[in-house]
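Peer 1: Dropping a prediction and its sequence here:
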Amino acid sequence: MSSDARPDFDAVVVGAGFAGLYTLHRLRGLGLAAVAYERAGGVGGTWYWNRYPGARCDVESLHYSYSFDADLEREWDWTERYAAQPEILAYLNHVADRFDLRRDIRFETTVRSAAFDETADVWTLDIDPGGTTTCRFLILATGCLSDAQVPPIPGLDSFAGRWYHTGNWPHEGVDFTGQRVAVIGTGSSGIQSIPIIAAQAEHTYVLQRTPNFSIPARNGPLDPRVLRETQENYAVVREAIRQSPLYFPVNFDPRGTLGVPDDEFRSIIEDRWEGGGLGIAATFADILMSEQAAERVAGIVRQKIRAKVDDPAVAERLIPTTYPFAAKRLCLDTGYFETFNRDDVTLVDLRDGPITGIVPEGVATGQGTIEVDAIVFATGFDAMTGSILRIAITGRGGLTIQEKWAGGPVTYLGLAVHGFPNLFTITGPGSPSVLSNMVPSIEQHVDWIADCLVHLADHGVDVIEAEAAAEREWTDQVHALGDMTIFPKANSWYMGRNIAGKPVGFMPFVGGTVLYRQICDGIAESGYPGFSLGARVNQPA
Ligand code: NA7
């Protein structure tokens, strides 16, 4: 565009999930002209695509919701302790309607590329369909678990049956009745879907490469009294969430694990097991910091798993032994381990012989061919960076985000990237993000960005950009903190180790949401140190 033309929009938001919807709402409130582009046919982001049987949030529904509108909080009635995907998607559709967001969302529209024009300080986007559009601010609300990965296993095209990925599930659902089904992957998606698929299919083969720690969800209908009390006291509930380092309430014992006597330790962990939920990883101060501490919890959890599985040999294969408890994202399940007591379920331990290819009859492995009618890939995502890197983003001096992040993501606060002015990432790498309850983390980021845009307008600033030194220092700190924990000891998606060729490094900020929020707020209050704020090179006429 010519340097004196106004851009089409003040801001473009990429994505219309939890992050994109709230961003659009806040930007509108500031009086900015904003649009959201969404590749899906509806709102919801992750919750639009992940429609596999059993898909459910691992954070309790009363806490996994927006806090920005008191009426919304009071009026939405969650029905279960952990909301299932259809209910979360219904909630997001309700939010989109209630705040009249759809008129500024272009569905089935993919942002292919974005290039920063340094002569005009404007982003030029190539969108499909739609051609070219321009904006001042580019906000990536692209999600952390949105880039579904089918592993490059040779021969998939030759498969005679149907295959599916949990993260891209057919909207009409799948009926496995009478079918032999292979489920590849035993992460959260596999662990949630396998009991339901097994109950329907004629025979289910679970292809496990690495066993996972899973805690009973203890899901059930929400007590209407608890729902009402929460709705009436949401301000108190939200404040408790704000003061928690994970953004959901945890019953945290500040002692170190190793100082707690055996009987007391067992009783506390067993209580957590009985209560269900992810909070078990935050029972004591050092579980995520010390392998020895994590091992003490793991010992009890392994006994619990053994007690659920009838065949001791199968139980041993389902028990993780090669990485610390909670170093991979913990899973919550409803009847996962018990599913292996069914006659029509077979555990295929890929450590005895890996998958070698897909053939017309099924999955070929080093142990022989598993003949099936359907294959379910529960094989996860290119997490945290995949959905950003699939957009061809070019910043200053022709530098692409792919080049910039070739050695792994570098950001300032997980919000901004040096060389990419006026671009913000919501819950990006380098922020607490996936280590926290995502909805409050999203709200914190969106509010910070909105306040930042107000500051820029109030001070006549047109361009904001993370400084190289601040970005380096922040990223080094993110890695140093990560190295103090047990997380690097596992081959997880947190580390980028689930994707061949992806740079390895712990991506989220592990210092907790409270500290992180204080840092972000301090930076805003101090006039944005670590960012360069500049006037626009060419003012529009
Ligand atoms: P995850 O947690 O990344 O799990 C993927 C699973 O798929 C995991 O068990 C992998 O084994 C397995 N996998 C991946 N590629 C292969 C191949 N090529 N062969 C065999 N097995 C494979 O993804 P999810 O969708 O379950 O969950 C993602 C997050 O969503 C979850 O953590 C929650 O935050 C919500 P591996 O462990 O790598 O050996």
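Peer 2: That came in fine, so what should we check first? Numbers count the residues shown, from 1 in each chain.

Peer 1: Quick one: residues contacting the nearest residue to Glu87 once chain neighbours are set aside.
Peer 2: In this structure, Glu87 finds its nearest non-sequential neighbour in Thr79, 6.5 Å apart by CB to CB, 6 or more residues apart in numbering. Every C-beta, even on glycine, is put in place using the N, C-alpha and C of the backbone. Shown in contact with Thr79 (CB atoms under 8 Å, 6 or more residues apart in numbering): 61, 87, 221-222.

Peer 1: In stretch 285-301, which residues are buried?
Peer 2: Using 16 or more other CB atoms under 10 Å as the test for burial, stretch 285-301 gives 286-291, 293-294, 296-298, 300-301.

Peer 1: Out of the residues you listed, which comes closest to the ligand?
Peer 2: The shortest approach to the ligand among these belongs to Leu288, at 15.3 Å (CB to the nearest ligand atom).

Peer 1: all strands for the stretch 251-400 of the chain, in order.
Peer 2: For the stretch 251-400 of the chain, the strands defined by DSSP state E, counting those that start in this stretch occupy 331-333, 345-349, 355-359, 362-365, 368-371, 374-377, 392-394.

Peer 1: got it, and the stretch 51-200 of the chain?
Peer 2: Along the stretch 51-200 of the chain, counting by DSSP E, counting those that start in this stretch, strands occupy 105-106, 110-117, 122-128, 131-140, 162-165, 180-184.

Peer 1: for the longest one, packing partners?
Peer 2: Yep, that's strand 131-140 we're talking about. strand 9-14, strand 122-128, strand 423-425 (3 or more CB pairs under 8 Å, 6 or more residues apart in numbering; DSSP states H and E).

Peer 1: And the closest residue to the ligand within the chain, how far from Ser214?
Peer 2: Proximity of the chain to the ligand (CB to the nearest ligand atom) peaks at Gly187, 2.1 Å away. Separation of Gly187 from Ser214 (CB to CB, to the nearest Å) stands at 10 Å.

Peer 1: hmm, back to that, now the buried residues of stretch 285-301 as CSV including distance to Gly397 and pLDDT?
Peer 2: Converted to CSV, the buried residues of stretch 285-301 look like this (distance: CB to CB, whole Å; pLDDT from 0 to 100):
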residue, distance to Gly397, pLDDT
Asp286, 45, 95
Ile287, 45, 96
Leu288, 40, 96
Met289, 41, 96
Ser290, 44, 97
Glu291, 44, 97
Ala293, 47, 97
Ala294, 45, 97
Arg296, 52, 97
Val297, 49, 97
Ala298, 49, 98
Ile300, 55, 98
Val301, 51, 98
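
Peer 1: Name the nearest of these relative to Ser193.
Peer 2: Nearest to Ser193 among those, counting by CB to CB, is Val301 at 21.5 Å.

Peer 1: Return the residues in contact with the closest one.
Peer 2: Val301 makes contacts with 213, 215, 269, 273, 325, as judged by CB under 8 Å, 6+ apart.

Peer 1: rerun that using 7 Å as the cut-off
Peer 2: Contacts for Val301 (CB atoms under 7 Å, 6 or more residues apart in numbering) come out as 213, 325.

Peer 1: now it: how far from Gly259?
Peer 2: Per CB to CB, Val301 is found 20 Å from Gly259.

Peer 1: in the stretch 251-400 of the chain, which ranges drop under the pLDDT threshold?
Peer 2: Scanning the stretch 251-400 of the chain for pLDDT under 70 picks out no residues.

Peer 1: Just to check, Gly395 is in contact with Gly419?
Peer 2: Yes - counting by CB atoms under 7 Å, Gly395 touches Gly419, with 4.2 Å between them.

Peer 1: With neighbour numbers in mind, choose between those two.
Peer 2: Shown here are Gly395 and Gly419; by other CB atoms under 10 Å, Gly395 has more neighbours (23 against 20).

Peer 1: ok, and which of the strands of the stretch 251-400 of the chain has the densest surroundings?
Peer 2: Most buried of the strands of the stretch 251-400 of the chain, by mean neighbour count (mean count of other CB atoms under 10 Å): strand 374-377, with a mean of 24.

Peer 1: partners of that strand, with directions?
Peer 2: Applying DSSP bridges, strand 374-377 is found paired with strand 162-165 (parallel), strand 180-184 (parallel).

Peer 1: Does Asp117 touch Thr134 like I think?
Peer 2: No - using CB under 7 Å, Asp117 makes no contact with Thr134, being 8.1 Å away.

Peer 1: More neighbours: which of the two?
Peer 2: Using other CB under 10 Å, the more surrounded residue of Asp117 and Thr134 is Thr134, with 18 against 15.

Peer 1: Ramachandran angles for the closest residue to the more buried one other than its chain neighbours?
Peer 2: Ranked by CB to CB, 6+ apart and with sequence neighbours excluded, the top spatial neighbour of Thr134 is Pro7, at 4.0 Å. With angles defined as degrees, to the nearest 10, Pro7 sits at phi -70, psi 160.

Peer 1: Would you check how far apart Pro7 and Thr133 are?
Peer 2: To Thr133, Pro7 is 8 Å away according to CB to CB.

Peer 1: same deal with Val150?
Peer 2: 31 Å.

Peer 1: Could you find the closest non-adjacent residue to Pro503?
Peer 2: Among residues not flanking Pro503 along the chain, Gly408 sits closest, at 3.7 Å (CB to CB, 6+ apart).

Peer 1: surely the one you found meets Gly501?
Peer 2: No - with contact defined as CB under 7 Å, Gly408 does not reach Gly501; the gap is 12.0 Å.

Peer 1: These two: which has the busier surroundings?
Peer 2: Taking other CB under 10 Å, Gly408 and Gly501 do not tie; Gly408 has more neighbours (16 against 5).

Peer 1: Tell me which helix or strand the more buried one sits in.
Peer 2: Following DSSP states H and E, one finds Gly408 outside all helices and strands.

Peer 1: Give me the pLDDT for it.
Peer 2: Note on Gly408: pLDDT of 98.

Peer 1: hey, C-alpha coordinates of the helix ranked longest in the chain in PDB?
Peer 2: When the chain is parsed with DSSP state H, its longest helix is helix 438-458. Written as PDB, here are the backbone C-alpha positions of helix 438-458 (Å, rounded to 0.1, in the frame of the first residue of the first chain):
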ATOM      1  CA  MET A 438      -6.000 -21.300  29.500                       C
ATOM      2  CA  VAL A 439      -9.000 -19.000  29.800                       C
ATOM      3  CA  PRO A 440      -7.800 -16.700  32.500                       C
ATOM      4  CA  SER A 441      -4.300 -16.700  30.900                       C
ATOM      5  CA  ILE A 442      -6.000 -15.700  27.600                       C
ATOM      6  CA  GLU A 443      -7.900 -12.900  29.400                       C
ATOM      7  CA  GLN A 444      -4.700 -11.700  31.100                       C
ATOM      8  CA  HIS A 445      -2.900 -11.500  27.700                       C
ATOM      9  CA  VAL A 446      -5.800  -9.900  25.900                       C
ATOM     10  CA  ASP A 447      -6.300  -7.300  28.600                       C
ATOM     11  CA  TRP A 448      -2.600  -6.500  28.600                       C
ATOM     12  CA  ILE A 449      -2.600  -6.000  24.800                       C
ATOM     13  CA  ALA A 450      -5.700  -3.900  25.000                       C
ATOM     14  CA  ASP A 451      -4.200  -1.700  27.700                       C
ATOM     15  CA  CYS A 452      -1.000  -1.500  25.600                       C
ATOM     16  CA  LEU A 453      -2.900  -0.300  22.600                       C
ATOM     17  CA  VAL A 454      -4.600   2.400  24.700                       C
ATOM     18  CA  HIS A 455      -1.200   3.500  26.000                       C
ATOM     19  CA  LEU A 456       0.200   3.700  22.500                       C
ATOM     20  CA  ALA A 457      -2.800   5.800  21.300                       C
ATOM     21  CA  ASP A 458      -2.600   8.100  24.400                       C
END
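
Peer 1: okay, and the common contacts of Gly187 and Ser214?
Peer 2: With CB under 7 Å, 6+ apart, Gly187 and Ser214 have common neighbours Cys331.

Peer 1: List the residues that contact the closest residue to Tyr412 other than its chain neighbours.
Peer 2: Nearest residue to Tyr412, sequence neighbours excluded (CB to CB, 6+ apart): Ala466, at 3.6 Å. Ala466 makes contact with 412, 416-418, 530-531, according to CB under 7 Å, 6+ apart.
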